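A.B. asks: I would like the atomic coordinates for the input below:
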Amino acid sequence: MELRVPFYRTDIREPEIEEVVATLRSGWLTTGPRVKRFEDTFASAVGASHAVAVNSCTAALHLAVRALGLAPGQGVLLPSLTFAATAEVVRYEGGVPVLVDCDPETLCMDLRDAARKLIELESGRMVAGLPPGLDIVGMIPVHYGGLMMDIDEIHAFASRHNLWVVEDAAHAFPAAWRRSPLEPWQRCGQHTARISCFSFYANKTITTGEGGMAVTDEPTLADRMRLLSLHGLSQDAWSRYSGTGSWDYRIVAPGYKYNLTDIAAALGICQLARAEEMRSARQSIALEYHDQLARVDEIELIPVNTDRIHAWHLFPIRLRLNGLGMDRNRFIRELHERGVACSVHWRPLHLHPYYEQTFRWQSMDLPVSSREWVRLISLPIFSGMRTEEMRAVVSAVQEVCASCLRRQKVATA
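C.D. replies: I've put the predicted structure just below:
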């Protein structure tokens, strides 16, 4: 029977199952004591003062920009090479996403391009369809694939331009960076932004099925996000119905239904206890990929930085299309024919109809993202990946590249 390798497989074990069953038997299923425990444990894990658990990273990002007071018509810098949520939370508040190109090596947001766009807008020049003189108030960097950006550079850039920073850390738990080998590691979420937002979607290092977390060192921001996460009510359901608080409540702001359930938190508590173990397992796979694929001339690999602890949410490769003689879609089809599932992260935002039509972004406005995405593929990587599955992925990539070369030789013979 042919071995088939999924793009991801969740790493759920008996302690998670037992904790979920215990939650079901407790009779308290929605936001309650397990959510509180998960928040406290997660805040401690990343070195933050406060954590607010919500039902997705999208919800965390939305609460973050809302708590920071993003107003209609204000601009926010963010990468074009990202998932929909990074920009759409800005649109929720009537803000304007100012799309920034990616660094050609790391694929994270290029701060040089961000600076160019700021200068152009401030000087009255048109950038795509954005209004000249747009008031840009914040930035949302994304740690692509789990590789953290240089936090000092982000803070210096934000300080120079008087911007708040919300960190889209959907890929970056647990991850860390440091200034030099002599410096201590700084964890993602540990003083790295005013608010850092994490994802616990099914394919992340730790999962709650669906879920997210916003962390901050500012109690006012934490209180505001917590209030907004459950309809703007003055008391949560646990305190009202557990017998520890009053039945009464007041609506003090128009909020949202973003709260996490105790069932999801039960998963998260157990997963969190194994977070470094699962990250380390992903890293072992990533390093093996690097070792086995480094000699394949038809692809490029993401860098391994000694000043980063990589979360390895993704393992992207980039095809050297001129040498292959086939496009990315055919490469993916041939991997699938060999039993290997893969994905693409992502079509840049400026190439989606909404951003093309609403803000008139074009490929030439973000040339690196436009160029790189057409040759990007994300290979399977997950903590429960078996050795034979990893080897099957390596063999499939090698075989597809070799078959391309054979076809080219036949065609030119």
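A.B. asks: Any idea how many residues pack against Leu405?
C.D. replies: Neighbour count for Leu405, taken as other Cβ atoms under 10 Å: 14. Where you see a C-beta, it was placed from the backbone N, CA and C, and this is true even at glycine.
A.B. asks: what's the longest helix in the chain?
C.D. replies: Across the chain, the longest stretch assigned as helix under DSSP state H is helix 387-412.
A.B. asks: Which secondary structure elements does that one sit against?
C.D. replies: For helix 387-412, the elements it packs on are helix 275-293, helix 328-337, judged by 3 or more Cβ pairs under 8 Å, 6 or more residues apart in numbering; DSSP states H and E.
A.B. asks: and if we set it to 6 Å?
C.D. replies: Helices and strands touching helix 387-412, as assessed by 3 or more Cβ pairs under 6 Å, 6 or more residues apart in numbering; DSSP states H and E, comprise helix 275-293.
A.B. asks: And the helix it packs on, what does it pack against?
C.D. replies: Judged by 3+ Cβ pairs under 6 Å, 6+ apart, helix 275-293 is in contact with helix 387-412.
A.B. asks: so how far is the helix it packs on off the chain centroid?
C.D. replies: Centroid separation between helix 387-412 and its chain, computed with Cα atoms, centre = their mean, to the nearest Å, is 30 Å.
A.B. asks: for the record, mean pLDDT for it?
C.D. replies: Averaging pLDDT along helix 387-412 yields 87.
A.B. asks: i'd like the first residue to be 26 from this point on
C.D. replies: Got it, the first residue is 26 from now on, which makes the last one we talked about helix 412-437.
A.B. asks: ok, which stretches of the stretch 176-325 of the chain are strands?
C.D. replies: Along the stretch 176-325 of the chain, the stretches classed as strands by DSSP state E, counting those that start in this stretch are 189-193, 201-202, 211-212, 220-224, 237-241, 324-326.
A.B. asks: Tell me the strands beside the last one, with direction?
C.D. replies: Strand pairing for strand 324-326, using DSSP bridges, gives strand 340-344 (antiparallel).
A.B. asks: And the helix or strand just after the strand it pairs with, what does it pack against?
C.D. replies: The element immediately downstream of strand 340-344 (helix or strand, assigned by DSSP states H and E) is helix 346-349. Contact partners of helix 346-349 among helices and strands, from 3+ Cβ pairs under 6 Å, 6+ apart: none.
A.B. asks: I would like the residues contacting helix 346-349, please.
C.D. replies: 323, 400, 429 (Cβ atoms under 6 Å, 6 or more residues apart in numbering).
A.B. asks: average pLDDT for it?
C.D. replies: Averaged across helix 346-349, the pLDDT comes to 89.
A.B. asks: How about stretch 163-181?
C.D. replies: pLDDT averaged over stretch 163-181 gives 98.
A.B. asks: center of the protein, which residue is that?
C.D. replies: Nearest to the geometric centre of the chain sits Ala195, at 2.8 Å (Cα atoms, centre = their mean).
A.B. asks: circling back: with mean pLDDT and mean neighbour count added, can I get the strands of the stretch 176-325 of the chain in JSON lines?
C.D. replies: JSON lines is the format used below for those (pLDDT from 0 to 100; neighbours: other Cβ atoms under 10 Å):
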{"stretch": "strand 189-193", "mean pLDDT": "98", "mean neighbour count": "25"}
{"stretch": "strand 201-202", "mean pLDDT": "97", "mean neighbour count": "22"}
{"stretch": "strand 211-212", "mean pLDDT": "97", "mean neighbour count": "20"}
{"stretch": "strand 220-224", "mean pLDDT": "98", "mean neighbour count": "30"}
{"stretch": "strand 237-241", "mean pLDDT": "98", "mean neighbour count": "29"}
{"stretch": "strand 324-326", "mean pLDDT": "96", "mean neighbour count": "17"}
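A.B. asks: Which of those sits closest to Glu43?
C.D. replies: Nearest to Glu43 among the strands of the stretch 176-325 of the chain is strand 237-241 (22.8 Å), distances taken as Cβ to Cβ.
A.B. asks: No more questions from me, cheers.
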